[in-house]
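Engineer: Build me a model from this:
(one chain, ligands or ions: 1)
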Amino acid sequence: MEKLLYITANPKGLEKSKGLKIGEAFLESFQQERPEVTIKKVDLFSLDFPQMDADLVSARGKLAGYGYTMDQLTDIEREKILKMHDLANDFISYDYFVFVSPMWNLNSPAILKAYIDNLFIAGKTFAHTANGPKGLLTNKKAIHLQTRGGQYTGTPMEALESGDRYLKIALGFLGIEVRDSVITEGFDINPVKVPEILAKGIENAKLAAKDFAHTPALV
Ligand SMILES: Cc1cc2nc3c(=O)[nH]c(=O)nc-3n(C[C@H](O)[C@H](O)[C@H](O)COP(=O)(O)O)c2cc1C
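Structural biologist: All right, here's what the predicted structure looks like:
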């Protein structure tokens, strides 16, 4: 049975967030196409997950750099790294990933990067090989639904965008096939056009969901 993980990074809630509405439309369309796929929703602003603090950085260094075993870590280091591994193991069990986030200060909300930091585990999600790093999460696919207040596509601002770009690079590094993102932009510079921009975003998301639901992962 295939599974989809729906990850949102917006504290505004469904009523106020345009991006979350676009995300719901995507999910609805996906579910119509693939009712047998199980969906789990994760709101990063309510999820309790490990942060890269001193204990975790130390544990990571000891395990990856110095060949320590789990029982050679301090109790707190072990507790935190096991939580990180649990989160990564759960993530690995999914086949589809949908990320929904707004652009904040040219990037994604920091909480999304903090979550992704839990997934970079050598030997589990990627491997060091003679030819460089190799992603191990193959046969999975992801898509990013991003909203923006300004207009970046087709403008000199385009090169400044770092959130969608980072997410694609990070997931691609782990071996996940990342489909083209659904970008809905210009919300804050065109307040009177919000309903129109939102409707277009929802339409694009529904179309993308049909493609996402039916095109198999390349690897
Ligand atoms: C903290 C913060 C930073 C923001 N930075 C940007 C930005 O750099 N570029 C941009 O186009 N919009 C920026 N915005 C606007 C949001 O991207 C926009 O309002 C949002 O994507 C609309 O979708 P939502 O209703 O789902 O939140 C920012 C908004 C916030 C709250």
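Engineer: what residues does this protein put near the ligand?
Structural biologist: Residues of the chain lying close to the ligand (Cβ under 6 Å from any ligand atom) are 10, 12, 17-20, 102-106, 147-150, 187-188. All C-beta atoms are positioned from the backbone trio N, CA, C, and that covers glycine.
Engineer: Spatially central residue in this structure, please.
Structural biologist: Phe99 (4.3 Å; Cα atoms, centre = their mean).
Engineer: Kindly state the beta-bridge partners for that one.
Structural biologist: Taking DSSP bridges, one obtains Ile7, His144 as the residues bridged to Phe99.
Engineer: From the centre of this structure, give me the residue that's furthest out.
Structural biologist: The chain, farthest from centre, Cα atoms, centre = their mean: Gln72 at 32.2 Å.
Engineer: Give me the number of neighbouring residues for the residue nearest to that residue when sequence neighbours are not counted.
Structural biologist: The shortest distance from Gln72 to any non-neighbouring residue, by Cβ to Cβ, 6 or more residues apart in numbering, is to Lys62 (7.0 Å). Neighbour count for Lys62, taken as other Cβ atoms under 10 Å: 18.
Engineer: Which ones among the residues of the chain next to the ligand map onto helices?
Structural biologist: Lys18, Gly19, Leu20 (DSSP state H).
Engineer: Grab the nearest non-local neighbour of the last one.
Structural biologist: The spatial neighbour of Leu20 that comes closest, neighbours along the chain excluded (Cβ to Cβ, 6+ apart), is Leu14 at 4.7 Å.
Engineer: quick one on the thing from earlier: from memory the residue nearest to Gln72 sits against Thr74, does it?
Structural biologist: No: the criterion here is Cβ atoms under 8 Å, and Lys62 misses it with Thr74 at 9.4 Å.
Engineer: helices and strands around the helix or strand bottoming out on mean pLDDT in the chain, which ones?
Structural biologist: Using mean pLDDT, DSSP states H and E, helix 66 stands out as the lowest-scoring helix or strand of the chain, at a mean of 85. Contact here means 3 or more Cβ pairs under 8 Å, 6 or more residues apart in numbering; DSSP states H and E; on that basis helix 66 packs against no helix or strand.
Engineer: Could you export the longest helix anywhere in the chain as CSV, CA atoms only?
Structural biologist: When the chain is parsed with DSSP H, its longest helix is helix 194-214. What follows is the C-alpha trace of helix 194-214 in CSV, where atoms were taken according to Å, rounded to 0.1, in the frame of the first residue of the first chain:
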residue,chain,number,x,y,z
VAL,A,194,-5.8,37.8,-4.5
PRO,A,195,-9.0,35.8,-5.4
GLU,A,196,-7.9,35.6,-9.0
ILE,A,197,-4.3,34.5,-8.2
LEU,A,198,-5.6,32.0,-5.6
ALA,A,199,-8.1,30.5,-8.1
LYS,A,200,-5.3,30.1,-10.7
GLY,A,201,-3.0,28.5,-8.0
ILE,A,202,-5.7,26.0,-7.1
GLU,A,203,-6.3,25.1,-10.7
ASN,A,204,-2.6,24.6,-11.3
ALA,A,205,-2.3,22.5,-8.1
LYS,A,206,-5.2,20.3,-9.2
LEU,A,207,-3.6,19.7,-12.6
ALA,A,208,-0.2,19.0,-11.0
ALA,A,209,-1.8,16.5,-8.6
LYS,A,210,-3.2,14.4,-11.5
ASP,A,211,0.2,14.3,-13.1
PHE,A,212,1.8,13.5,-9.7
ALA,A,213,-0.7,10.8,-9.0
HIS,A,214,-0.2,8.9,-12.3
